[in-house]
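> no FASTA, just this:
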DNA sequence: TTGAAAGCGTTACCAC
DNA sequence: GTGGTAACGCTTTCAA
């Protein structure tokens, strides 16, 4: 087990060559006699040699490590994004280093520092707060912002048209005859919340100023969504539709509604967001704004790798257009 | 951005000290004048120095990287396990390197090699096939087997009592009056399939030899579960209960059943496994064998870190007892 | 075509 | 208590 590692030097001495020649042979670089090269490679395999990336990295080469800083890998949205990242990273010979922040700012600061001290070549990050670009200055390696969008700063970003998403969802509800639509979302000030709100209000005002004036935004958390809604209903009365921040919120909202013997969508229509894989199995099947999550992962890694390899990206914003997937809940 | 990194040497010259002294001061090692130590630390902060773990690792120290080799991070079961791993790893100052194998053996071989060449200190692995212990010999770093169990080989393993899980599920169905129970699982030959089958058969034979002789194991895949079942029904007739390998299978099975206008659980009862977070929201809510997935993640990391730090584990098998969560599907 | 030697950032041994 | 130096495994000039 703990047998000492086979190094380039072992290969060299066993062949009576110098380490430099072996290095060149193995990396197909410089001038090496084809025969020598062949011998070296065979010997390397025979001895079970495999390169020590750590040593390579110390020589200024890339380690092939990409840090991923997200809220929670078990959130089905991020799970899919990460899956896409992993797949793409592998194609380029890169590995993913995962850190969850629980959407906590301190954790994020720590994560970034820690990741960098480990020598990652780049970072994929969904910042906890995308309103303060100067906070990204702690980043000393190339990075790509995933699923967020800073108004200022010209970072490379891969995100979704959240305004369109919010508009689509709300418009659909309006088209279905709903007039008392409340939206529920987390208190975080990030582009996804801002954008979806904006889309929501855009659809409302497009319909009438009156409806716009009655717009209602409820702040909550995935776990508390049900309780927040209950509270809201108690004081403000029953809405006829709810545009949930994402499918987790929608699921909680539906559970709460059912608990009060209300029918979905007959009494209250519910539209979610993210279109997680389980939305088909729940009852009623969720109507949701769909995003290609793997695309986000693949694209962000693709861009980051190019940056790590020294490429200067001209295009910096990669925006995806969401689509409404209409099912039974609204 | 691309400003060159602050090294220990920069701190040394700016203070007129030697690198060795600075190193000792920073690491609280050996003899250093308390005053010097203080000065060094302050200067380090001032200059924005942070240790280069890659260089440390080259010196034979631990890099603080743990490789994770699993089927698919987006599988809700693994997502929770990974979450537990990440949390625990962080406590110890370790990072997680994620690789998905899609349950493909070649991918796994590649993953392990690749991870090792990147200098990981240890590996957490859910092997694609846990019947061939000698295949683990490619592992040259400490490793912990997660969610799998080899009959031979004395690896450190963190897994679940799958026999009990299968027994619990089947017994519950039997107690509910079901007599024609088929189980559906993947074709993979891994402890979870073997164990759950065994538990299934154990419950059957405990009831009667006749029932045992009628036991039916259907091999399929999560995506094909519905079709496989349809095929089965066509040739073998309708069972009155299905013990699904996990909740994903169960969800597919239920969808298939509903598609044929069959009622769950009235016509066919369905029990799943893993108790994923969404099982509460689906309709009917899934009865499922529950596991503490985060515990698996935490424990395996805990053990691996201890191994990496040189500890010899006396206890090698960490087994969790599953519990049946009865809801509406069966 | 091949080899010697320097250097990447850090630690550790051994003098001073 | 402090500093010089070798060493970790590898790549990369620069000579030979």
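Noted; the coordinates are in hand. Owing to the predicted nature of the structure, the values given are computational and were not obtained by experimental measurement. Numbers count the residues shown, from 1 in each chain, chains lettered A, B, ... in the order given.
> give me every residue that touches residue A:169.
With contacts defined as Cβ atoms under 8 Å, 6 or more residues apart in numbering or on different chains, residue A:169 is in contact with A:196, A:199, A:200, A:243, A:271, A:273, A:289, A:324. In short, each C-beta sits where N, CA and C put it, glycine included.
> any chance of those in a markdown table, plus pLDDT, secondary structure and neighbour count?
Formatted as a markdown table, those follow (pLDDT from 0 to 100; DSSP: H, G, I helix; E, B strand; the rest coil; neighbours: other Cβ atoms under 10 Å in any protein chain shown):
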| residue | pLDDT | secondary structure | neighbour count |
| --- | --- | --- | --- |
| A:196 | 98 | helix | 29 |
| A:199 | 98 | helix | 25 |
| A:200 | 98 | helix | 27 |
| A:243 | 98 | strand | 34 |
| A:271 | 98 | strand | 30 |
| A:273 | 98 | strand | 30 |
| A:289 | 98 | strand | 28 |
| A:324 | 98 | strand | 18 |
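> mind putting the residues you listed into a markdown table with distance to residue B:43?
A markdown table is the format used below for those (distance: Cβ to Cβ, whole Å):
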| residue | distance to residue B:43 |
| --- | --- |
| A:196 | 47 |
| A:199 | 51 |
| A:200 | 52 |
| A:243 | 54 |
| A:271 | 57 |
| A:273 | 49 |
| A:289 | 52 |
| A:324 | 57 |
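> skip the chain neighbours and tell me the closest residue to the residue of the stretch 151-300 of chain A found nearest chain B.
Here the stretch 151-300 of chain A gets closest to chain B at one residue, residue A:283, 2.9 Å apart by Cβ to the nearest Cβ. Nearest residue to residue A:283, sequence neighbours excluded (Cβ to Cβ, 6 or more residues apart in numbering or on different chains): residue B:283, at 2.9 Å.
> who are the contact partners of the residue of the stretch 151-300 of chain A closest to chain B?
By Cβ under 8 Å, 6+ apart, the contact set of residue A:283 is B:281, B:282, B:283.
> give me phi/psi at residue A:325?
Phi and psi for residue A:325, reported as degrees, to the nearest 10, are phi -110, psi 110.
> might one say that it is in contact with residue A:292?
No - in terms of Cβ atoms under 8 Å, residue A:325 does not count as a neighbour of residue A:292; the distance is 11.9 Å.
> related to what we said a few turns ago, could the contacts of residue A:283 go into TSV alongside pLDDT?
Formatted as TSV, these follow (pLDDT from 0 to 100):
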residue	pLDDT
B:281	91
B:282	92
B:283	89
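> nearest to DNA strand C, of those?
residue B:281 (49.5 Å; Cβ to the nearest atom of the strand).
> list the contacts of the closest one.
Residues near residue B:281 by Cβ under 8 Å, 6+ apart: A:251, A:254, A:255, A:278, A:282, A:283.
> PyMOL command to pick out the buried ones of those?
Provided next is the PyMOL selection string for whichever of those are buried by 16 or more other Cβ atoms under 10 Å in any protein chain shown:
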select buried, chain A and resi 251+254+255+278+282
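> the contacts of residue B:281: which two are farthest apart?
Greatest spatial distance in those: A:255 and A:278, 13.6 Å, computed using Cβ to Cβ.
> the spatially closest residue to residue A:65 that is not a sequence neighbour: what's it in contact with?
Setting aside the residues directly before and after it, residue A:65 is nearest to residue A:120 in space (Cβ to Cβ, 6+ apart), at 4.5 Å. Residues counted as contacts of residue A:120 (Cβ under 8 Å, 6+ apart) are A:63, A:65, A:66, A:67, A:97, A:141.
> ok, and the most crowded of the residues you listed?
Tallying neighbours with other Cβ atoms under 10 Å in any protein chain shown puts residue A:66 at the head of the contacts of residue A:120, with 31 neighbours.
> contacts for the strand or helix carrying it, please.
Taking DSSP states H and E as the definition, one finds residue A:66 inside strand A:65-70. For strand A:65-70, the external contacting residues (Cβ under 8 Å, 6+ apart) are A:78, A:81-82, A:85, A:89, A:94-101, A:108, A:111-112, A:115-116, A:118-127, A:146, A:301, A:304-305, A:308, B:97, B:118.
> let's see that with 6 Å instead.
Residues outside strand A:65-70 that contact it (Cβ atoms under 6 Å, 6 or more residues apart in numbering or on different chains): A:78, A:89, A:94-99, A:111, A:115, A:120-126.
> over to stretch A:133-148?
With contact meaning Cβ under 6 Å, 6+ apart, stretch A:133-148 is reached by A:112, A:116, A:122-127, A:130, A:150, A:152-153, A:155-159, A:190-191, A:300, A:303-304, A:307-308.
> touching DNA strand C at all, that stretch?
No - residues of stretch A:133-148 are not located near DNA strand C by Cβ under 7 Å from any atom of the strand, the shortest gap being 12.8 Å.
> return the set of buried residues in that stretch.
Within stretch A:133-148, the residues that count as buried by 16+ other Cβ under 10 Å are A:135, A:136, A:139, A:140, A:141, A:142, A:143, A:144, A:145, A:146, A:147, A:148.
> chain B: which of these is nearest?
residue A:140 (7.2 Å).
> and that closest one, what pLDDT?
Residue A:140 is assigned 84 on the pLDDT scale.
> SS state for it?
coil (DSSP: H, G, I helix; E, B strand; the rest coil).
> how about the residues of the stretch 1-150 of chain A by DNA strand D?
Proximity of the stretch 1-150 of chain A to DNA strand D, by Cβ under 7 Å from any atom of the strand, involves residues A:4-5, A:7-9, A:19-20, A:23-24, A:26-27, A:29-30, A:49, A:51-52, A:55-56, A:58-59, A:61.
> among the residues you listed, which are within reach of chain B?
Checked against chain B using Cβ under 6 Å from any Cβ of the partner chain, these yield the following neighbours: A:51, A:55, A:58.
> need the phi and psi values for the last one.
Put plainly, it is residue A:58. Dihedral pair for residue A:58: phi -60, psi -30, per degrees, to the nearest 10.
> who's in contact with it?
Taking Cβ under 6 Å, 6+ apart as the test, what residue A:58 contacts is B:54, B:55, B:58.
> helices or strands up against the helix or strand hosting residue A:23?
According to DSSP H and E, residue A:23 maps onto helix A:19-26. Contacts defined by 3 or more Cβ pairs under 6 Å, 6 or more residues apart in numbering or on different chains; DSSP states H and E place helix A:19-26 against helix A:8-15, helix A:34-47.
> around chain B, pick out the residues from chain A.
A:50-51, A:53-55, A:57-58, A:73-74, A:79-80, A:82-83, A:86, A:95-98, A:100, A:117-119, A:251, A:278, A:281-283.
> quick one: buried ones out of those residues?
Among the residues of chain A next to chain B, those classed as buried by neighbour count (16+ other Cβ under 10 Å) are A:53-55, A:57-58, A:73-74, A:79-80, A:82-83, A:86, A:95-98, A:100, A:118-119, A:251, A:278, A:281-282.
> all strands of chain A, in order?
A:65-70, A:95-100, A:122-125, A:143-146, A:157-160, A:181-186, A:216-220, A:241-244, A:269-274, A:287-290, A:317-320, A:323-325 (DSSP state E).
> and the angle from the second one to strand B:65-70?
This points to strand A:95-100. Using axes from the mean of the first three to the mean of the last three Cα atoms, to 10 degrees, the inter-axis angle of strand A:95-100 relative to strand B:65-70 is 90 degrees.
> which bits of the stretch 51-200 of chain A sit near DNA strand C?
Going by Cβ under 7 Å from any atom of the strand, the residues of the stretch 51-200 of chain A near DNA strand C are A:55, A:58, A:59, A:60.
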